[in-house]
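Enquirer: Structural data only, the sequence is not supplied:
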């Protein structure tokens, strides 16, 4: 029973990571740096909460959430692809912009600097942990997103093109692959996916709170890198990081290990992975470069 | 050639200024206020009185350090996103030394010790990604992002579990090394946080300029940033230069910590960096990685951030956070565009076509492939 609860809590924490890491893996595979996952998630959480508040429908809220993510990802894509802006700088800017714009409209819409009013979500209010999980379609979507993305990246023409564009855009151009169009699609898809993760947070907690993503976009990015830019491995990394977090929450009362050290686990593992101590994590060759 | 270089540096910030005026107008109108009145309040609340000026100078002091940190890294082709945690580490180092020194320590030694501690703590946090990059090829963007979370969690643990004043998240007050406020000499600044670390930071700006443009190490650093292969062929020790660049970068960010710890509060407080490290990226970008440009850009971003407080009664202060993001986006997007346009125009004048080689359009700010 305790194990089942542990698994349920891990899954619940992992859902937003799974969405964002899946999207991040796709965008980074196409050669566009995904520092802005955090911003997409926050933007998606906010527009989902707004949608839920005004429409009273969780499904319409999801569409609003995806819309918010698409707008931010669209800005990122136009900046980095059309204008060839530095991808790291643009990613940082999107994150700052998302924090600012959600706070601004939180004031405008709800006259609050901290949170939105209570909004509807999926499923019953007083359901048990497992029932709440299985009755939330976003959980199913999040778990399904990883194998679907793995299939898209490894088994479809589009996925082959994404990988070609991310490894060697010039070669891709020479065989007629529309490099920029592929990158636009990949970045927009990453925005939509990360925003679904953000929407899950807002609908699961039945409100939007200021900066509620709290670095989850960066944990997802760490999972992408730790998973060597492969959707399935990134998915397992998400589960691992979520399990560590659950472990920390469960052990908080016991004070065995200070919570700050458990919180460091994803980041330390990621540094070890990129430093190549055990099985080097090598990024796509053209990651961060704009195409001509 | 010098004229095109100058145009390439100055045009993007001007374009960005125009864009934020439009974006700001839209946000103000969305809130149902008159743009003219809000902008006037912003100007009056920042540069219109001594208190406002003092606050802008205080904020600009920290931003100058983090901006220089990012700029030095970019000059070497390295992207330091870790200024946020290096700044916090520097502040913590300064506070530790200030607490450990007896109150009777001669003032000059105490300040020197605290400043050195800030630089060393920041340098330590910067050296880790430097070494990992030079020895293992681990990309510094990834490592500095992850280091931010690790260092901040570590500092949070030390302060929360070991060193805090009860009921707070800050350390005890330093006994030695405190710097007086500007208001001790100029009464008009009364109430503002501006302090004499301002002068130390001005000296740091001059030092950074000297280091970059007048020393062998600075020359090697810039050579590596422009063409690592050519620099190595010319005899530059590439790994050592990479480590040195990120270590110096970390030290500069760490030095920003003295402004809050020695000059303002007299203690280290969890979360005092408050985004100044990330804003350093914007400062370096707008300042075009030049120490003087960084200083000007820091004043600009400090004005925006203080201006937000001034207009808060009319429009939510978060408006300036949006505008900060818009500035970065606008500058980042217009840099390659302006470069192309300016060089095409210059090429036409001397009868040549676009001298930018294909595939190299963003080379000056893009440190190669990143994760």
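Expert: Sure thing, it's come through. Computed from a prediction, not measured in an experiment: that's the story for all the values here.
Enquirer: For the stretch 251-371 of chain B, give me the ranges with low pLDDT.
Expert: Scanning the stretch 251-371 of chain B for pLDDT under 70 picks out B:349-371.
Enquirer: can you rerun that using 90?
Expert: Low-confidence segments of the stretch 251-371 of chain B, defined by pLDDT under 90: B:271, B:273-275, B:312-313, B:316-318, B:332-371.
Enquirer: quick one: which helix or strand includes residue 133?
Expert: Looking at chain A here, since you left the chain open. helix A:129-134 (DSSP states H and E).
Enquirer: was after chain B, sorry
Expert: Secondary structure assignment for residue B:133, by DSSP H and E: helix B:107-136.
Enquirer: Give me the average confidence score over that helix.
Expert: Averaged over helix B:107-136, pLDDT sits at 95.
Enquirer: Which secondary structure elements does it sit against?
Expert: Applying 3 or more C-beta pairs under 8 Å, 6 or more residues apart in numbering or on different chains; DSSP states H and E, we find helix B:107-136 packed against helix A:259-275, helix B:83-100, helix B:140-158, helix B:238-255, helix B:257-258. Backbone N, C-alpha and C define where each C-beta goes, glycine included.
Enquirer: 6 Å instead?
Expert: helix B:83-100, helix B:140-158, helix B:238-255, helix B:257-258 (3 or more C-beta pairs under 6 Å, 6 or more residues apart in numbering or on different chains; DSSP states H and E).
Enquirer: Quick check: buried residues in the helix holding residue A:133?
Expert: For helix A:129-134, burial by neighbour count (16 or more other C-beta atoms under 10 Å in any protein chain shown) applies to A:132-133.
Enquirer: circling back: buried set for the helix holding residue B:133?
Expert: For helix B:107-136, a neighbour-count test (16+ other C-beta under 10 Å) marks B:110-111, B:113-115, B:117-134, B:136 as buried.
Enquirer: which residues does residue B:225 contact?
Expert: Each residue near residue B:225 by C-beta atoms under 6 Å, 6 or more residues apart in numbering or on different chains is listed here: B:75-77.
Enquirer: and the stretch 201-350 of chain B, which residues reach chain A?
Expert: Selection of the stretch 201-350 of chain B residues close to chain A by C-beta under 6 Å from any C-beta of the partner chain yields B:281, B:285, B:316, B:318-319, B:321-322, B:324-325, B:328-329, B:332-333, B:336-337.
Enquirer: follow-up on the earlier one: past the helix holding residue A:133, which element shows up next along the chain?
Expert: Past helix A:129-134, the next helix or strand by DSSP H and E is helix A:137-155.
Enquirer: Contacts for that next one, please.
Expert: Helix A:137-155 is contacted from outside by A:15, A:18-19, A:22, A:133, A:159, A:200, A:231-232, A:235, using C-beta under 6 Å, 6+ apart.
Enquirer: now swap in stretch B:305-321 and tell me
Expert: Applying C-beta under 6 Å, 6+ apart, the external contacts of stretch B:305-321 come out as A:100, A:103-104, A:107, B:27-28, B:31, B:33, B:38, B:41-42, B:45-46, B:55-56, B:59, B:304.
Enquirer: Could I have the buried ones of these as ChimeraX selection syntax?
Expert: Buried residues among those (16+ other C-beta under 10 Å), as a ChimeraX selection:
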select /A:100,103,104,107 /B:27,28,31,38,41,42,45,46,55,56,59,304
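Enquirer: Just to be sure, which of the contacts of stretch B:305-321 are found in helices?
Expert: A:100, A:103-104, A:107, B:27-28, B:38, B:41-42, B:45-46, B:55-56, B:59, B:304 (DSSP state H).
Enquirer: quick revisit: just checking, what packs against the helix holding residue A:133?
Expert: The criterion is 3+ C-beta pairs under 6 Å, 6+ apart, and the helices and strands that helix A:129-134 contacts are helix A:2-29.
Enquirer: What is the subsequent helix or strand relative to the helix it packs on?
Expert: helix A:37-55.
Enquirer: Show me which residues of the stretch 1-150 of chain A are close to chain B?
Expert: A:33, A:79, A:83-86, A:88-90, A:92-93, A:96-97, A:100-101, A:103-104, A:107.
Enquirer: Quick one: residues contacting the nearest residue to residue B:243 once chain neighbours are set aside.
Expert: In this structure, residue B:243 finds its nearest non-sequential neighbour in residue B:130, 4.0 Å apart by C-beta to C-beta, 6 or more residues apart in numbering or on different chains. If you count contacts by C-beta under 6 Å, 6+ apart, residue B:130 has them with B:242-243, B:246-247.
Enquirer: The residue lying closest to residue A:74 once chain neighbours are set aside - how many residues pack around it?
Expert: Nearest non-adjacent residue to residue A:74, counting by C-beta to C-beta, 6+ apart: residue A:188, 6.5 Å away. Neighbour count for residue A:188, taken as other C-beta atoms under 10 Å in any protein chain shown: 19.
Enquirer: Could you check how far residue A:188 is from chain B?
Expert: According to C-beta to the nearest C-beta, to the nearest Å, residue A:188 and chain B sit 17 Å apart.
Enquirer: Make sure that residue is actually in contact with residue A:72.
Expert: No: contact criterion C-beta atoms under 6 Å: residue A:188 and residue A:72 do not qualify, at 10.1 Å.
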